[in-house]
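A.B. asks: sharing a sequence plus its predicted fold:
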Amino acid sequence: MKRSYFLFPFVAILLWAGNVVVSKLSAHTIDPSAITFYRLVLAVALMSLFTLVPAWRNRAAIVPQLPKLAVLGFLAMALFQSLSYEAAKTTTATNMSIITALVPLMTMVASTLLLGEAPTGGMVGGGALSLVGVVYLITQGNPAQLLANGAHIGDLLMIFAALAYALYGVLLKRWHVGLPSWQSTYLQAIFALLFMLPMLLRLPASEALPTRASLPLILYAGVLASVVLPFLWMRGVEHLGPNRCALFMNVLPIATAVIAIAMLGETLHLYHLLGGGTALVGVIVAQRFRRPVQEPMEALE
């Protein structure tokens with residue numbers, strides 16, 4: 001295995017960290033529905049250059065999978081992205097990245113509940129650690145605040161976004177759509193675009209149209225985050241396998257914090273280190289200790 005293969009997921013995560021910062025920059029620049037829509041327009045247009053013809057030739061295999069692709073596109077490219085942009089209005093880029101890094105753990109838990117996979121010791125212990133860490137993080141080091149005042153809406157929205165992406169991962173595994181990766185991504189993006197169109201049309205013209213300030217953000221999200229990032233991640237999975245690539249998700253909060261401090265002037269607090277660190281240790285524990293604690297449950301029909 002060439003060491004250079006590790007650059008694929010590493011650079012992909014750096015682009016993802018940049019996209020988190022772009023989400024924060026867009027918070028007061030463009031409506032969440034608008035930036036989600038325009039990034040999808042750009043991504044679909046670019047992917048059409050090399051995916052439209054192969055997808056058309058493969059239409060006999062694609063048509064039976066269209067309902068599943070619609071659900072997957074809604075979860076990953078419409079709901080997750082829209083919630084992330086909305087969350088950016090009231091939480092920090094650092095918090096967003098830490099919560100996003102919990103997706104692999106959330107996917108394991110969802111797989112246990114929905115696919116009947118046996119829970120592992122790492123998942124149980126790591127899940128408990130991550131829960132403690134996230135509570136400490138979103139309450140800024142004062143868990144009693146959760147009972148008194150609740151959590152910030154941005155952090156809650158980001159948790160729901162992460163749950164949507166975890167459900168996407170479970171359904172992707174369960175359904176086995178059996179299409180080439182680019183064709184699957186392309187069709188999901190088209191469906192997500194269709195879902196976002198009514199959300200865009202509800203906006204007044206002054207909020208629905210891109211501005212000079214929002215165009216660079218749309219370009220980053222539509223090209224680097226929606227096309228280049230998936231390409232690098234797919235190549236990483238191809239050469240390293242999904243488990244090794246999943247470990248790179250733990251780099252996301254670190255990379256995002258560095259960029260956010262440099263570009264947004266965010267401050268790294270002790271609760272970020274303690275809460276976020278504990279949450280990430282929980283994810284690592286879940287990924288490393290995979291021995292089942294009981295026999296697999298029968299999967300839900």
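C.D. replies: Okay, I see it.

A.B. asks: same for the longest helix seen in the chain, what does it pack against?
C.D. replies: Counting residues, the longest helix found in the chain (DSSP state H) is helix 32-57. Counting contacts by 3 or more Cβ pairs under 8 Å, 6 or more residues apart in numbering; DSSP states H and E, helix 32-57 is packed against helix 80-87, helix 181-201, helix 215-219. (C-beta placed from N, C-alpha, C; glycine too.)

A.B. asks: mind showing which ranges of the chain have poor pLDDT?
C.D. replies: 1, 146-151, 294-301 (pLDDT under 70).

A.B. asks: repeat that with 80
C.D. replies: In the prediction, the chain carries residues with pLDDT under 80 at positions 1-2, 117, 144-152, 243, 287, 289-301.

A.B. asks: rewinding a little: nearest to residue 44, of the helices and strands packed on helix 32-57?
C.D. replies: Of all those, helix 181-201 sits nearest to residue 44, with 5.1 Å by Cβ to Cβ.

A.B. asks: tilt between that closest one and helix 80-87?
C.D. replies: 50 degrees (axes from the mean of the first three to the mean of the last three Cα atoms, to 10 degrees).

A.B. asks: which outside residues touch helix 181-201?
C.D. replies: Contact with helix 181-201 is made by 33-34, 36-37, 40-41, 43-44, 47-48, 50-52, 54-55, 58, 62, 65-66, 69-70, 72-74, 76-78, 81-82, 177, 179, 208, 226, 230, 234, as judged by Cβ atoms under 8 Å, 6 or more residues apart in numbering.

A.B. asks: tell me where the stretch 151-300 of the chain has helices.
C.D. replies: 153-175, 181-201, 205-208, 215-219, 229-240, 242-247, 252-263, 270-271, 277-288 (DSSP state H, counting those that start in this stretch).

A.B. asks: and the contacts of the longest one?
C.D. replies: The one in question is helix 153-175. Residues outside helix 153-175 that contact it (Cβ under 8 Å, 6+ apart) are 65, 68, 71-72, 75-76, 79-80, 83-84, 86-91, 95-96, 99-100, 102-103, 106-107, 109-111, 114-115, 134, 137-138.
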